[in-house]
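# My questions are about this predicted structure, shown below with the sequence.
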Amino acid sequence: MQNANLEQEVINLSKEKWDWMSEQNVGTLEALFHEKSVFVHMGGSWGKERELDIIKNGGIHYKKADIHEVSVNIVGDTAVLLNRITLLAVVGGNEVTNPFMVTEVYVQQDDSWKLAALSFTKLLTPQ
């Protein structure tokens with residue numbers, strides 16, 4: 001598959017991931033997240049099981065991610081995607097909106113993409 005097709009495939013998967021997170025669809029996310037995946041938030045970093053528990057139990061409810069820009073680079077069997085988003089979420093019972101640059105790293109495994117890393121960097125510039 002050509003890189004342009006792979007790039008679009010990863011962009012589409014990333015968009016779907018935001019929907020699954022919003023819908024708290026942990027079954028689908030469990031299949032997407034690599035076993036050794038890591039997640040970096042403003043409040044800390046952790047692995048796959050904790051991220052799924054947080055989504056399932058509403059510790060963080062990703063209500064809506066408005067995607068403003070997206071880029072992706074394919075390096076071998078790895079895709080590095082950058083999303084500039086405005087995220088509406090409920091954290092600890094409080095609704096918050098923050099501008100983020102989100103780094104997503106996907107690896108190809110068994111003919112599908114697995115999310116290996118998801119990292120939120122809060123932006124200081126207004127959206």
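Here it is on my side, so go on.

# The longest helix along the chain: what's the following helix or strand?
Assignment by DSSP state H gives helix 3-22 as the longest helix of the chain. Next along the chain after helix 3-22, taking DSSP states H and E as the criterion, comes helix 26-32.

# Sort out which residues of that next one are buried, please.
Across helix 26-32, burial judged by 16 or more other Cβ atoms under 10 Å covers 26, 29, 32. All C-beta atoms are positioned from the backbone trio N, CA, C, and that covers glycine.

# Neighbouring strands of the following helix or strand past that helix in the sheet, and parallel or not?
Once the chain leaves helix 26-32, the next helix or strand it forms, by DSSP H and E, is strand 33-41. Sheet pairing here is set by DSSP bridges, and for strand 33-41 it gives strand 44-47 (antiparallel), strand 112-122 (parallel).

# Low-confidence stretches in the chain?
1, 126-127 (pLDDT under 70).

# nearest spatial neighbour of Val102, skipping sequence neighbours?
Asn83 (4.4 Å; Cβ to Cβ, 6 or more residues apart in numbering).

# An error on my part: the question was meant for Tyr62.
Nearest residue to Tyr62 in three dimensions, chain neighbours excluded: Met21, at 4.1 Å (Cβ to Cβ, 6+ apart).

# Only the buried residues of stretch 115-127, if you could.
Residues of stretch 115-127 classed as buried: 115-118, 120 (neighbour count, 16+ other Cβ under 10 Å).

# Out of these, which two sit at the greatest distance?
Greatest spacing in the buried residues of stretch 115-127, by Cβ to Cβ: Ala116 and Phe120 (15.4 Å).
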